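> let's see this in three dimensions:
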Amino acid sequence: MPPRHLTSLPIPQRLRSAMAETDYDRAGLLEGLTGDQRRIRVEVLSALAADGVGIETMREAIERDRLGLLLIERTLAPEDGWSMSGICAHTGQDPEIVSKWFRALGRPVSTDPDEEMYTDEDAEIAERIERYRALGFTDDEMMPVVRAIGRGVLNMADALGGLLGEALLAAGEPEPEMALRYAIEARRIAEQDMLHLTHLVSVALADRIRSHAIAIEESTAGRLQGAQEVSVCFADLVGFTDLGESVSAAELSEVAEQLSATATDIATRPVRLAKTIGDAVMLVSSDTTALVRAAVELARRWSDADDGRPDVRVGVANGIGVPHAGDWFGPPVNLASRVTTTARPGQVVVTAAVHDAVVARAGEDTEFRWRVAAPRRFKGIRGAQRLYRVTAAS
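Predicted structure coming up:
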């Protein structure tokens, strides 16, 4: 779907801007403004005009000093006249189901089913519910995925909003101008960057489908096999909780973000960063050797930073896991988490099964150096686990 509110007129942009500026000047909407402030005001008014906002509405917003807020509202919360009852009547969907989807995706749900607060895109989301069902998915199967999408969208919005706010809060800048700049940039992200986000999601989804294809069961049902052989790596920060008592929340968040950034840098195919959990990250791969290589590299990079950050410890296990809604579950996840707690600061500890898989593939004389660690028993896991500490061979 094309970005909302973009226009494509057959006259040059510069000429169109000059014509608009003359109109706004005659209407008294640019009074007393010069330079950048005048240019920014024209940009905002032009964007609002493209949305169908009239001169009187613009004048009222200027008088109430809420022109930037008006643009943000029109950009980020447009309304196309849809109510919940209207969407359900149009799509034939149960209002309870649509409300459940909207809540999971972070969309508001009014107590008044006739309140017109939704867009054409919201109506299309409701239409897609039936399309997913036609593919054989049940509501119970779809909801975990919908909730995962909702969490991702909200996290992305928080990150972009924080970045945008920090970039635009220039020291000494007049507050009205800053608000207008924020509104303009928010609009550009909402209208243009969503095309790039669509591309990124499509590429990532295609990559996941290719990875899953090797696990398709040879059956007439043709369903993707749920349980798969997977290697899992956890890395967490030593003393992170105690650190929170001596540094600010912002500094603590920065340390956690450094770990996430390091994990992202080393997680190249076939290794994937599955999730971040506060002071920890989880990596997964179908290639055990590649995951061990990534684990060792993560520990090395973190240690080489030598900037006072808390130490990292890493654990790796493998086994049969189950992917679900972008996450992984099963014995290797639980075991990798527990193995991590046995590692000393800066160490990478792996299970014997991980060691054996790497050695079976490349032999003892590999890129890694192995040292036997003391066997450990873990709650909920049968038998003592043989463990190895691993580092790079050179």
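> break down the stretch 51-200 of the chain into its strands, ranges please.
Secondary structure of the stretch 51-200 of the chain (DSSP state E, counting those that start in this stretch): no strands located.
> in it, where is pLDDT below threshold?
The stretch 51-200 of the chain contains residues with pLDDT under 70 at 72-80, 158-197, 199-200.
> what about the helices in it?
55-63, 67-76, 84-91, 95-104, 120-134, 139-168, 175-188, 194-213 (DSSP state H, counting those that start in this stretch).
> and the third one, what does it pack onto?
Using 3 or more C-beta pairs under 8 Å, 6 or more residues apart in numbering; DSSP states H and E as the contact test, the elements touching helix 84-91 are helix 95-104, helix 120-134. All C-beta atoms are positioned from the backbone trio N, CA, C, and that covers glycine.
> who touches stretch 355-372?
Here stretch 355-372 makes contact (C-beta atoms under 8 Å, 6 or more residues apart in numbering) with 231, 288-289, 292-293, 296, 318, 386-394.
> what about 6 Å?
288-289, 292, 388-391, 393 (C-beta atoms under 6 Å, 6 or more residues apart in numbering).
> if I look at the residue positioned nearest the centre of the chain, how far off is residue 91?
Geometric centre of the chain, nearest residue: residue 152, 4.2 Å, by C-alpha atoms, centre = their mean. Separation of residue 152 from residue 91 (C-beta to C-beta, to the nearest Å): 24 Å.
> and if you look at residue 335?
Counting by C-beta to C-beta - residue 335 and residue 91 are separated by 45 Å.
> neighbour-wise, which of those two wins?
Taking other C-beta atoms under 10 Å, residue 335 and residue 91 do not tie; residue 335 has more neighbours (24 against 17).
> I'd say that one and residue 317 touch.
Yes. With contact defined as C-beta atoms under 6 Å, residue 335 and residue 317 form a contacting pair (3.9 Å).
> doesn't residue 106 make contact with residue 146?
No. Contact between residue 146 and residue 106 fails when scored by C-beta under 6 Å: they sit 10.4 Å apart.
> which of those two has more neighbours?
The neighbour comparison of residue 146 against residue 106 (other C-beta under 10 Å) goes to residue 146, with 20 against 14.
> how near is the residue nearest to that one when sequence neighbours are not counted to residue 328?
Spatial nearest neighbour of residue 146, excluding adjacent residues (C-beta to C-beta, 6 or more residues apart in numbering): residue 104 at 4.5 Å. From residue 104 across to residue 328, the span is 21 Å (C-beta to C-beta).
> go on, residue 282?
8 Å.
> again, but for residue 86
Taking C-beta to C-beta, one finds residue 86 at 40 Å from residue 328.
> of the two, which one has the most company?
It is residue 328, of residue 86 and residue 328, that has more neighbours when counted by other C-beta under 10 Å, with 19 against 15.
> OK, contacts around that one?
274, 284, 321.
> mind checking the SS state of the last one?
What that stands for is residue 321. Of the three states, residue 321 takes strand under DSSP: H, G, I helix; E, B strand; the rest coil.
> just the second one next, same as before
In three-state terms, and counting by three-state DSSP, residue 284 is strand.
> give me the nearest residue to it, chain neighbours excluded.
residue 274 (4.8 Å).
> tell me how many other residues crowd the one you found.
So residue 274, with other C-beta under 10 Å, has 22 neighbours.
> check residue 132 too.
15.
> repeat for the one 4 residues further on
Residue neighbour count, defined by other C-beta under 10 Å, stands at 10 for residue 136.
> residue 341 versus that one, what's the distance?
Taken as C-beta to C-beta, the span from residue 136 to residue 341 is 41 Å.
> and for residue 285?
Relative to residue 341, and taking C-beta to C-beta, residue 285 is found at 21 Å.
> so between these two, which is more surrounded?
Legend: neighbour count by other C-beta under 10 Å for residue 285 and residue 341, higher for residue 285 (24 against 13).
> who's in contact with that one?
231, 270-271, 291.
> of those, which belong to helices?
Applying DSSP state H to these, the entries found in helices are residue 291.
> circling back: tell me the secondary structure for the residue nearest to residue 284?
strand.
> endpoints of stretch 262-274, how far apart?
Start-to-end span of stretch 262-274 (C-alpha to C-alpha, to the nearest Å) is 14 Å.
> centre of the chain to that stretch, how far?
15 Å (C-alpha atoms, centre = their mean, to the nearest Å).
> with stretch 335-343 instead?
Averaged C-alpha coordinates place stretch 335-343 at 26 Å from its chain's average position (C-alpha atoms, centre = their mean).
> hey, C-alpha coordinates of that stretch in PDB?
Extracted in PDB, the C-alpha atoms of stretch 335-343 (Å, rounded to 0.1, in the frame of the first residue of the first chain):
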ATOM      1  CA  LEU A 335      20.100 -26.000  29.500                       C
ATOM      2  CA  ALA A 336      22.000 -23.200  27.800                       C
ATOM      3  CA  SER A 337      20.600 -20.700  30.400                       C
ATOM      4  CA  ARG A 338      21.700 -22.900  33.300                       C
ATOM      5  CA  VAL A 339      25.100 -23.600  31.700                       C
ATOM      6  CA  THR A 340      25.700 -19.800  31.500                       C
ATOM      7  CA  THR A 341      25.400 -19.500  35.300                       C
ATOM      8  CA  THR A 342      28.400 -21.900  35.700                       C
ATOM      9  CA  ALA A 343      30.700 -19.800  33.500                       C
END
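> flag every buried residue along it.
Of all the residues in stretch 335-343, those buried under the rule 16 or more other C-beta atoms under 10 Å are 335-340, 342-343.
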